[in-house]
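> Predicted model follows, preceded by the sequence.
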Amino acid sequence: VIKDGEYQPGKKPETILDKVLDLLRDEKIENNDYRIINTLEILKEVRQDLSNTDLSRLDLRRIVFNGVRLGHGIINNKPRGAKLDEAIINAANFLPQGHTLLVKSICYSHDGAKILAASKDSTVKEWSYSTGECIRTYGTNLGLNIKEATTACYNQDDSKILVGYSNGAVNEWCANTGECIRAFEAHSDYVKDVSYSQNGEKILTRGTDNNKSGIKEWSIENEVKCIATFDDHANQVKYISNNARILSVYGNGCIEQRDLKSREILHIFEGCFSDGYVFYTIYSHDAKKILALVSSLSPANTRIFEWCAETGKCLVEFESIPYIGKLFCYSPDDKRILTQNKNVIEEWDLNTTRQRRKYTCPSAKDEITDICYNNDGSKILASYADATIREFCVETGICIKTIDAMLVGTNSIIYNNDGTKILSAHN
């Protein structure tokens, strides 16, 4: 304690968490051991100051101390603060590494070893999942004309990174060296999405040109060359065997699927309201089906349609539904879908067109911001505007876990490949 400007040893009551740390001293912590991480994360959230915490003889290599107070400063010509004698530390985790502004997009690498985050601060950061350390920051020297990094993704073997920016630029980076491979102006304004084809020889960008949203396909095999454009209400794009197909939505409720390169209309999906508005369209996981949420203007009601992507035939038409906030995703087997109604998750069976179950929790008051299944479809994850995350069991419908992220607003959530970890992005 500090008394009359003098540092004096004080008496600090030992908590259960301090006793847990005592049990972990002199232990080497492996990558799949989360005991120290979880204990210190709780201490950081509760105390906001670890200056009086005994961290000696702990393996702290994976602990990130950014913004956490660890010392009182120099008192009586001696540094006073947390005890770190014989602790194993990673010096990089004591220095600021995080983004300074809103995170716009997140994704795992295909091998699950790294995490990529694009931010409004104009940079993209790559993180080691196992250590929590920032491996590399892309875009620190791009200049003042770059306002924000809006979206980022890996290619299939995780050796390259594609980044879109708010000024219409797209940069490709080498993930092994951090060098910029190429940079070009894809759109005149905001880039919303970027993606690689399976063989990595082509990329797709979705952005704004002259206040109109559109999609462009680029060949990057030798030099960057735009090989196809589509700027008429295009709202979704998907590569199918290295060929790009797009869904175009029109104000009269009409949906068209086109080949991006030839511009040929493959199918016009019928069955929508003639005076309807298409809110959401998604492909199934196998890209064989297309789902749309359509609202009629008069009388006010909502319907869900499913079509065969190959023939354009309407497979399923749901009866009028009073209210659906957003259409989120197919289940992994493409037999169920999830929709959101304020703070309630609704699951629908595509064979019967009936609602299978509602997932809700009495403590969930705020609106749902994102929903996803795990890879085997046995669990559902939902994020809420109050920064909480809840996991539900599909078999029982029960909320089995609630996580309070203790941050401002949760924008996006995803499971990793085996469903044992969750990645979330916040305001």
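In hand now; what should we look at?

> Just give me the residue right at the centre of the protein.
Ile106 (4.0 Å; CA atoms, centre = their mean).

> give me the element that residue is part of.
Using DSSP states H and E, the element containing Ile106 is strand 103-108.

> who does the helix or strand that that strand is followed by pair up with?
Per DSSP H and E, the first helix or strand lying C-terminal to strand 103-108 is strand 114-119. Partners of strand 114-119 in the sheet, by DSSP bridges, are strand 103-108 (antiparallel), strand 124-128 (antiparallel).

> got a list of contacts for the last one?
This means strand 124-128. Here strand 124-128 makes contact (CB atoms under 8 Å, 6 or more residues apart in numbering) with 97-99, 113-119, 133-139, 149, 152, 161, 163, 173, 175. Heads up, the C-betas are built off the backbone N, CA and C, glycines and all.

> among the residues you listed, which ones are buried?
Buried residues within the contacts of strand 124-128, counting neighbours by 16 or more other CB atoms under 10 Å: 97, 99, 114-119, 134-136, 138-139, 149, 152, 161, 163, 173, 175.

> hang on, the earlier thing: make CSV from the strands paired with strand 114-119 and add distance to Arg182 and mean pLDDT to it.
As requested, these are arranged in CSV below (distance: least, CB to CB, whole Å; pLDDT from 0 to 100):
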stretch, distance to Arg182, mean pLDDT
strand 103-108, 20, 88
strand 124-128, 15, 92
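
> Compare the ones you listed and give me the one nearest Asp259.
Closest of the strands paired with strand 114-119 to Asp259 is strand 103-108, at 26.8 Å (criterion: CB to CB).

> Report the buried residues of the closest one.
Val103, Lys104, Ser105, Ile106, Cys107, Tyr108.

> With only the CA atoms kept, save it in CSV.
Provided in CSV are the C-alpha atoms of strand 103-108 (Å, rounded to 0.1, in the frame of the first residue of the first chain):
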residue,chain,number,x,y,z
VAL,A,103,-13.2,-4.5,-36.0
LYS,A,104,-15.1,-4.9,-39.3
SER,A,105,-14.5,-8.6,-40.2
ILE,A,106,-12.9,-11.7,-38.7
CYS,A,107,-12.1,-15.2,-40.0
TYR,A,108,-10.1,-18.3,-39.1
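
> to the chain's geometric centre, what's the distance from it?
Distance of strand 103-108 from its chain centroid, counting by CA atoms, centre = their mean, to the nearest Å, is 4 Å.

> what's it in contact with?
Contacts of strand 103-108 (CB under 8 Å, 6+ apart): 114-120, 129, 148-154, 411-412, 414, 416-417, 423-426.

> that's a helix at Asn93, yeah?
Yes. Counting by DSSP: H, G, I helix; E, B strand; the rest coil, Asn93 is found in a helix.
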